[in-house]
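Novice: I'd like to go over a predicted model; first the sequence, then the structure.
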Amino acid sequence: MQVPKKHFPIVGLIGLVVVAAAGGGVYYYQFVLSHATVTYLPSHRLVFMTAIVQEEGGFHITNTAFLNQSNLPKFNSTSGASMTGVNSTNYRGESDNRTIDAHVGDMITFYILGENATSSDPALHVSTGHGFDIVGSGSFTVNTSANSPGILGGTNPANPAIPFGKWYSVTVTFNSGGSYTYLCSIVCSPLHGNMNGQIVVT
């Protein structure tokens, strides 16, 4: 009859080595497993969001996905990104629908739909669109290709970066870790600003 083998669990980083000598006792030696450095391959994330004045929600992430191909989806400002035939994988973002988690070297393409306020409060209808900017202590690079024209600050309220009812796209690569803020850079009324969300890069 075969005697079943006994297995000693590894708890945390501590393992046990059992050495039995003929006619002798059983001795236990502890050893510590070395820490393994976790590395991430850079990924290309797609982040879909809406933008409305802070009093009605500010920026709101509606979907997040990994882009599993080299080309960006087809895009225009009227219909946004066309995901037909695009190789991508959805993933669950943060529950607050405002925070974006990423790793150093990741590229993020933002697709933002500008929305007008629905309230009848005239203070919410001063502007005609939204700006978009990213600030932080770390380093990031903005893609300025035709499909990703760069961050448009929208500093001129008469000609904002994201007119209501239109889509806007920009691609950013994060070169270093840290906490970044994405925000509406048009402050033409006290209620229009402070639409902030966070990007946490590790």
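Specialist: Nice, I can see it. Every value quoted in this text rests on a predicted model; they were computed, and no experiment measured them. Numbering: from 1, shown residues only.
Novice: quick one: low-confidence parts of the chain?
Specialist: The model of the chain has pLDDT under 70 over residues 1-38, 54, 123, 126, 146, 153-159, 186-194.
Novice: give me the element the most centrally placed residue in it is part of.
Specialist: Using CA atoms, centre = their mean, the residue of the chain that lies closest to the mean C-alpha position is Ile100, 3.2 Å off. Using DSSP states H and E, Ile100 sits in strand 99-102.
Novice: Could you say which helix or strand holds Ala117?
Specialist: Going by DSSP H and E, Ala117 is not in any helix or strand.
Novice: For it, give its distance to Thr141.
Specialist: 33 Å (CB to CB, to the nearest Å). Heads up, the C-betas are built off the backbone N, CA and C, glycines and all.
Novice: neighbour-wise, which of the two wins?
Specialist: Ala117 (20 against 11; other CB atoms under 10 Å).
Novice: doesn't Glu56 make contact with the more buried one?
Specialist: Yes. Between Ala117 and Glu56 there is a contact under CB atoms under 8 Å: 5.5 Å.
Novice: what sits in contact with each of the two?
Specialist: In terms of CB atoms under 8 Å, 6 or more residues apart in numbering, Ala117 and Glu56 are both contacted by the residues Leu124.
Novice: rewinding a little: the residue nearest to the centre of the chain bridge partners, please.
Specialist: Counting by DSSP bridges, Ile100 is bridged to Ile199.
Novice: which residues does it contact?
Specialist: 45, 47, 61, 64, 93-94, 108, 182, 197-200.
Novice: Please list only the buried members of the residues you listed.
Specialist: Buried residues within the contacts of Ile100, counting neighbours by 16 or more other CB atoms under 10 Å: 45, 47, 61, 64, 93, 108, 182, 197, 199.
Novice: and which of these is nearest to Ala161?
Specialist: Tyr182 (12.6 Å; CB to CB).
Novice: Is that closest one in a helix, a strand, or coil?
Specialist: strand (DSSP: H, G, I helix; E, B strand; the rest coil).
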